[in-house]
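[1] After the sequence you'll find the predicted model.
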Amino acid sequence: MEDRYDVIVAGAGMSGSLAAAGAAKTGLKVLLLDKNNEGEVGKKTNWGWVCGDAVASNHLDFVNKHIGISFGKPELDLKVDGVIAYSPDLKTKVNFDGEGYVLDRPEFEKKLRNHAVKSGAEYVPQFDVEGPIIENNYVVGVFGKDKNMRHLEIRAKAVVDALGVATTLRRKLPADQFVDRIVDVDDLESTGRYIYDCEVTQEDLRFYDPKNALIHLNQQVSPGGYGWVFPKSQYGRVNIGIGVQKSSLEIRNAKLGKRDSLHTLMDEYVKSIPNLKNPKLFNKDNNGKGYWSVAVRRNIECLVFNGYLGAGDSMAMPNPISAGGIGPALVAGVLAGENAARAVHEGDVSTKGLWQYNLDFNREYGRKMAAMESFRVYLQSLNNDLINYGMSKFLSRKEAEDLAYGRTTELSVASKVSIALSGVSNITAFKNLVYTVKKMKAFNEIYGNYPKTPDEFPKWKEQVSKEMEDFKEKFKPNPI
Ligand SMILES: Cc1cc2nc3c(=O)[nH]c(=O)nc-3n(C[C@H](O)[C@H](O)[C@H](O)COP(=O)(O)OP(=O)(O)OC[C@H]3O[C@@H](n4cnc5c(N)ncnc54)[C@H](O)[C@@H]3O)c2cc1C
């Protein structure tokens, strides 16, 4: 490893490896750093590659189109028809996300890292990135410890932060009005995820479906989040988990007089799946059981700073409703690599020189995120009865699907009439849904006018923050 590069990419997860591949293939000198050893590339934490590992096909197509990688076995473990979300009473289901795959995550990460190396990036494992080097208000490199615990400073013209949700780079940037350094705890889901081999005792596609990724909404079981059962290629093997929002869990425990934690709820959820019996941990790559966090807000509004670009979980990119972060991490990795390379070649890595990356990501993914965040906040304000009622009566399937994609919809007259005939709490919840859809439209419009230059950004961001704060003031977590 040398002490000077064109681009340093910190983190060799999916966003980092793609950014490194994209920048290196333009002929730049690129360094890709990751704290894991070579055999465990992309591992998020000591707990493993903690993830549901489901990704929609269109995101893989995006990578193929831009970077030229095509995927197959072993990294694509199982093709699924889509994702199905069930209401708490299991009587209503909503399909979304279309065809996709459940990944063999360690294999997928290795493939991307190998592609980065083949494209010319220098990959250094077992390097712990501790923070950015900042000079004259520019990020000019990173510091950290190598595998021999030597403290090193490495410099570059541009640094890509792909360190995931616990990033040591974004959180240490100088305070300014562009990149937020803090993510609110209510915008995080604490998650648990196991991979189990189970005996399937009877067919009941509401709980285990070998062709679909299942989501269970239930404010008592996973307050402020959801449970999932995603199938793997071997019959009876599942990726199973829950996500919970801290405030929702606290409220639920207080109201029910319980002291449940993520861990106890996770174990209860596994036990509650009636047709999956005798679960045995499938611990390949030591990846059987883990806990981690995922952000479920709009992505950090500005993804660049002088000499710095962020991609993937480091920039809170997962979908606020589904917590699906693989797609945006892939898209952002590709775009960050392209934009870092362009700015370095043009000799302008200032916020202004990197601004195109904001526009590219907003166009490809980010523009629907604030709308989806507001819908998530609305959902977290509903108890099980209201979710049951809402999913079966407020929305047609098409409307529910649209909302889950952040698309706004004209709510059908039929549902409005049926609501008018029902109880007071339902009417309030329906009125709140109408209000939420209106707000979603407003957010989509604001994001349609994403600032073309950094000068316009502070005013635009103030508007986004104010609208979202007002919305959150109106809808508080209320799981029980
Ligand atoms: C339980 C759970 C379930 C999920 N399920 C899904 C799902 O089914 N579908 C979906 O689309 N998304 C899902 N997500 C989200 C998805 O896993 C992430 O969005 C995705 O991994 C983001 O990729 P990334 O490359 O940005 O970051 P990461 O995957 O977090 O990679 C970051 C890399 O940086 C390395 N690193 C971190 N800190 C340092 C450091 N200081 N120095 C050096 N290296 C460092 C890490 O070791 C890792 O290799 C889930 C998340 C969780 C927690």
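    Great, that's in hand.

[2] give the contact list for the residue nearest to Trp49 when sequence neighbours are not counted.
    With Cβ to Cβ, 6 or more residues apart in numbering as the criterion, Trp49 has its nearest non-adjacent residue at 4.3 Å, and that residue is Arg105. Any C-beta I mention is one placed from the backbone N, CA and C, and that applies to glycine too. By Cβ atoms under 8 Å, 6 or more residues apart in numbering, the residues touching Arg105 are Gly42, Trp49, Cys51, Asp53, Asn287.

[3] For the stretch 151-300 of the chain, which residues are neighbours of the ligand?
    The stretch 151-300 of the chain comes close to the ligand at residues Ala162, Leu163, Gly164, Ala166, Thr168, Thr191, Arg193, Gly241, Trp292, Val294, as judged by Cβ under 6 Å from any ligand atom.

[4] Show the buried residues in these.
    Buried by 16 or more other Cβ atoms under 10 Å: Ala162, Leu163, Gly164, Thr168, Thr191, Arg193, Gly241, Trp292, Val294, out of those.

[5] Find the nearest non-adjacent residue to the third one, please.
    Once its chain neighbours are removed from consideration, Gly164 has its nearest residue in Asp313; the separation is 4.5 Å (Cβ to Cβ, 6+ apart).

[6] likewise the first one?
    For Ala162, the nearest residue in space outside its immediate sequence neighbours is Gly16; the separation is 3.2 Å by Cβ to Cβ, 6+ apart.

[7] mind giving me the domain split of this structure?
    Following automatic domain parsing, one finds the domains of the chain at 4-77+101-182+296-367, 185-294, 369-474.

[8] where among those is the average confidence lowest?
    The minimum mean pLDDT among the domains of the chain belongs to domain 369-474 (a mean of 85).

[9] Show the end-to-end separation of that domain, please.
    19 Å (Cα to Cα, to the nearest Å).

[10] Pull up the gap between the residue nearest to Trp49 and the ligand, please.
    To the ligand, Arg105 is 8 Å away according to Cβ to the nearest ligand atom, to the nearest Å.

[11] Asn253 now?
    21 Å.

[12] Surely that residue is in a helix?
    Yes: per DSSP: H, G, I helix; E, B strand; the rest coil, Asn253 lies within a helix segment.

[13] I'd like to know how many residues surround it.
    17 (other Cβ atoms under 10 Å).

[14] In this structure Asn286 contacts Asn46, no?
    No: in this structure, Asn286 is not within contact of Asn46 by Cβ atoms under 8 Å, at 9.1 Å.

[15] quick one, which of the two is more surrounded?
    Between Asn286 and Asn46, counted using other Cβ under 10 Å, Asn286 has the larger neighbour count: 14 against 8.

[16] who's in contact with Gly327?
    Contacts for Gly327 (Cβ under 8 Å, 6+ apart) come out as Val55, Ala56, Asn58, His59, Asn319, Tyr365.

[17] now with 10 Å?
    14, 54-60, 62-63, 97, 100, 317-319, 364-365 (Cβ atoms under 10 Å, 6 or more residues apart in numbering).

[18] Also Gly224?
    186, 189-190, 243-252, 296, 376-377, 379-381, 477-479.

[19] any idea whether it is helix, strand or coil?
    Going by three-state DSSP: Gly224 is coil.

[20] ok, now how distant is it from Asn36?
    Distance of Gly224 to Asn36, given as Cβ to Cβ, to the nearest Å: 31 Å.

[21] now the contacts of Gly327: which count as buried?
    With burial judged by 16+ other Cβ under 10 Å, the buried subset of the contacts of Gly327 is 14, 54-57, 59-60, 62-63, 97, 100, 317-319, 365.

[22] So which of those residues belong to strands?
    Mapping those onto strands (DSSP state E) picks out Ala54, Val55, Ala56, Gly100.

[23] count of neighbours near the residue nearest to Ala162?
    By other Cβ under 10 Å, the residues close to Gly16 number 34.

[24] That one and Ala121: what is the separation?
    Gly16 sits 10 Å away from Ala121, going by Cβ to Cβ.

[25] hey, what's in contact with both of those two?
    Shared contacts of Gly16 and Ala121, defined by Cβ under 10 Å, 6+ apart, comprise Val9, Leu32, Arg113, Gly337.

[26] Just give the number of residues close to the second one.
    One way to gauge burial is a neighbour count; for Leu32, by other Cβ under 10 Å, it gives 30.
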